[in-house]
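Visitor: I'll drop the sequence and a predicted model, then ask my questions.
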Amino acid sequence: MDMLWKCGTVALTSMLELWGAIPIGFMLQLPPLLTGIFSALGAIASAGIVIYLGGSLRSWLMKRVEKKAGRQSRMGRIWEKYGVIGLGLASPLLTGAPLGAAIGISLGAPTGKLMWWMSIGIVIWSVILTAAVAYGLLQFLTPKPMG
């Protein structure tokens, strides 16, 4: 039951912010693989909710961060240059999955294609961030020879 609670905490946190979920997984002493998996699953779930079900949530998010969704913003420039692929790959890191999904929808991205590329971006960034935190923690936990 303790493991289920920890995995659920990581997944729910990643629904809001991938960057926050991974350190929480390590603080809860989840193995890196489970931390990465549940971080990715939570972020993918939140992107899917916004893309497919969240008309009013999308509106709320867009009002909350209207300036970030404009074509002059970083995400707007990525959209102009790289389209839905660039947005899907970059937004999990730059804005978070729910906001990235809302921005994509507001910019006219096709829902299926946006969900696909958001999922790929989330998995990539989950692996990179989990590995970076795991490697960083190993550096601190490994005893260094006194010289």
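Guide: Received the coordinates, thanks. These figures come from a predicted structure and were not determined experimentally.
Visitor: low pLDDT regions in the chain?
Guide: Across the chain, the stretches falling below the confidence threshold (pLDDT under 70) are 54-73, 137-147.
Visitor: now do the phi/psi pair for Gly96.
Guide: Geometry field for Gly96 lists phi and psi as phi 90, psi 150, criterion degrees, to the nearest 10.
Visitor: same question but for Thr95, I mixed them up
Guide: Comment: the main-chain dihedrals of Thr95 come out as phi -120, psi -20, following degrees, to the nearest 10.
Visitor: skipping adjacent residues, who's closest to Tyr52 in space?
Guide: Nearest in space to Tyr52, with sequence neighbours left out and distances taken as CB to CB, 6 or more residues apart in numbering, is Thr111 at 6.5 Å. In short, each C-beta sits where N, CA and C put it, glycine included.
Visitor: isn't that neighbour right next to Ile51, touching?
Guide: Yes - applying CB atoms under 8 Å, one finds Thr111 in contact with Ile51, separated by 5.2 Å.
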